[in-house]
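[1] got a structure for you, letters missing:
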């Protein structure tokens, strides 16, 4: 299978180029391309995507009620920041909590959910939380797909 693909549509923004590959696959929203003699060769310089980390714990394991969880909690953000490069996290875009619901929502830009999983383990998030990692898509990107 060849990695050369014929360009058939270029959207307004450079990061949203659509093309058809010789294998018949349709691909869109890739980041960086080199154009060579009428063909586009994919050379992803950055594949960072936005993910939501949804963490839930019980009232008994809440850092407000549990001294062991409190010790872990105090270090989570610092450990996330210090290990971000190691696990391909380009940005911690937001860290929010619903204290009474015992739920956290953390927004990160990362290469893969597997990397985020490792970060959650190493930073201590998974010590007392059940964690769900969800890829997120911008509304405008979804709107562009359906038009």
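    Thanks, I have the structure now. These numbers were taken from a predicted model, which means no experiment stands behind them.

[2] State which strand of the chain is the longest.
    Using DSSP state E to define each element, the chain has its longest strand at strand 89-98.

[3] Given that one, what are its sheet partners and their directions?
    Using DSSP bridges, strand 89-98 pairs in its sheet with strand 103-110 (antiparallel).

[4] Show me what the helix ranked longest in the chain is in contact with.
    The longest helix of the chain (DSSP state H) is helix 67-83. Contact partners of helix 67-83, identified using Cβ atoms under 8 Å, 6 or more residues apart in numbering, comprise 57, 61-64, 89, 92, 95, 106, 119, 122-125, 127-128. Quick note: C-beta positions are derived from backbone N, CA and C, even for glycine.

[5] which among these gets closest to residue 146?
    Closest approach to residue 146 among those (Cβ to Cβ): residue 106, at 28.4 Å.

[6] right, and the closest one touches residue 84 too?
    No. Applying Cβ atoms under 8 Å as the test, residue 106 and residue 84 come out as separate, 11.9 Å apart.

[7] shared neighbours of the two, anything?
    residue 92.

[8] out of those two, which sits in the busier spot?
    A side-by-side neighbour count of residue 106 and residue 84, using other Cβ atoms under 10 Å, places residue 106 first with 25 against 19.

[9] so how far is residue 146 from the closest residue to the more buried one other than its chain neighbours?
    Excluding the flanking residues, the one nearest residue 106 by Cβ to Cβ, 6 or more residues apart in numbering is residue 53, at 4.0 Å. Separation of residue 53 from residue 146 (Cβ to Cβ, to the nearest Å) stands at 27 Å.
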